[in-house]
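*Asks:* Sequence first, then the predicted structure, then my questions.
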Amino acid sequence: MSFLLGLASFFLSQILLRLPLLNLLTEEAFFQVLLKQHYLLMGLGLALSAGLFEETSRYLFRKFLLKNKSDYSQALIFGLGHGIMEALYILGPLVKVYPLSLLLPSLAERILAILIHMSLSLVIWQGFKQKKEEAFLLLAILIHGLIDFSIPLGSYLNSTALIYMLLLIQSLALFTYTGSILIKERKRP
Amino acid sequence: MKKLLILVLTLILLAGCAQALDKSFSEEKLDEAIYQVLENLHLKDSQAIRDMSIDIMAAGLDDATMETVYNLLDEAGPFKEIEKITKASMKDKDLDQIIAVCSVKVAYESKTYLYTMSFTQDYKLAGLFLK
């Protein structure tokens, strides 16, 4: 159930809501001008908007549809579903066109993204456990936004190496944090 | 939460400050220029497109680049209609003048493309992107 709701969470927040809105904005000349004139600020805004839509969706699913699934293992399963839906959406069209050998870097990047989604679900679940739901929602939005911001920042500075370095450092920091949550949970009597 | 609110407000403010079409441009002349670019693309008349472009742009529109564009147009099928045109302006530092940026949504039989065309004050093509 958590897995299926995870799939639905990405579908609703991105495919049904954010991406159509973004497409509408992209059709506007003023938006093209803003992107050109304020690339970094717009990049940050768009990255945070991904965080806002996806994390709020995760939060709402947890609050209303997964009330009784407070266990962290459910967060990981939910995040897995969310991440797999994103991977299918991104890689699905490419699989038809490119051979698997060319898709290996994208596959590796998607596996990292799935792990990030599992970790961010854990952050949302932790908010409910500590009864600080909104604070942890905000934290998840910021983490998500900062990770996504690596891409516009790296392309602005024309450095693919910087993108990978930032993604790795941020992911490792996030995994260390969420790993510590899981270890603490296991030690609990 | 406050920081997020400030960022959202900054973006809204930026959107508000984004230049609408500068008064130095004529909407009609821009529409004409847009139709002309599209017509030349559909006719695959590369030279006509180069002739209506600024020098640096014309130099970039070599045969290989144009062939890529024509392949995309072939994939899309016959032209159906222009669905939407929006216009804005911005200062181009390289050209040292205010240019018009036009977003043009065009429907073809099997695909819809979004063109971004920019024009100088004398309605010369200064930029062309196809998405």
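*Replies:* That came in fine, so what should we check first? Numbers count the residues shown, from 1 in each chain, chains lettered A, B, ... in the order given.

*Asks:* Show me where the chain has its helices.
*Replies:* This is for chain A. A:2-10, A:19-26, A:29-37, A:39-60, A:72-97, A:100-129, A:133-156, A:160-187 (DSSP state H).

*Asks:* You answered for a different chain; I wanted chain B.
*Replies:* Assigned by DSSP H, the helices in chain B fall at B:2-17, B:27-42, B:46-51, B:55-60, B:63-76.

*Asks:* ok now the second one, how far from the chain's centre?
*Replies:* Put plainly, it is helix B:27-42. Remark: helix B:27-42 is offset 10 Å from the chain centroid, using CA atoms, centre = their mean, to the nearest Å.

*Asks:* Quick check: residues of chain A near chain B?
*Replies:* Counting by CB under 8 Å from any CB of the partner chain, chain A comes close to chain B at A:26-34, A:36-38, A:41-42, A:44-45, A:48, A:52, A:134, A:138, A:141-142. Yep, even glycine has a C-beta here, placed from its N, CA and C like the rest.

*Asks:* So what does residue A:157 have for phi and psi?
*Replies:* Here is the backbone geometry of residue A:157 (degrees, to the nearest 10): phi -90, psi 10.

*Asks:* Pull the number of nearby residues for it.
*Replies:* 12 (other CB atoms under 10 Å in any protein chain shown).

*Asks:* ditto for residue A:153
*Replies:* Other residues near residue A:153 come to 19 when the count uses other CB under 10 Å.

*Asks:* for stretch B:22-38, which positions count as buried?
*Replies:* Buried residues in stretch B:22-38, counted by 16 or more other CB atoms under 10 Å in any protein chain shown: B:22, B:25, B:30, B:33-34, B:37-38.

*Asks:* pLDDT check: weakest of these?
*Replies:* The lowest pLDDT within the buried residues of stretch B:22-38 belongs to residue B:22, with 90.

*Asks:* Can you tell me, leaving aside adjacent residues, what's nearest to it?
*Replies:* Nearest-residue entry for residue B:22: residue B:89, 3.9 Å, with adjacent residues in sequence omitted and distances by CB to CB, 6 or more residues apart in numbering or on different chains.
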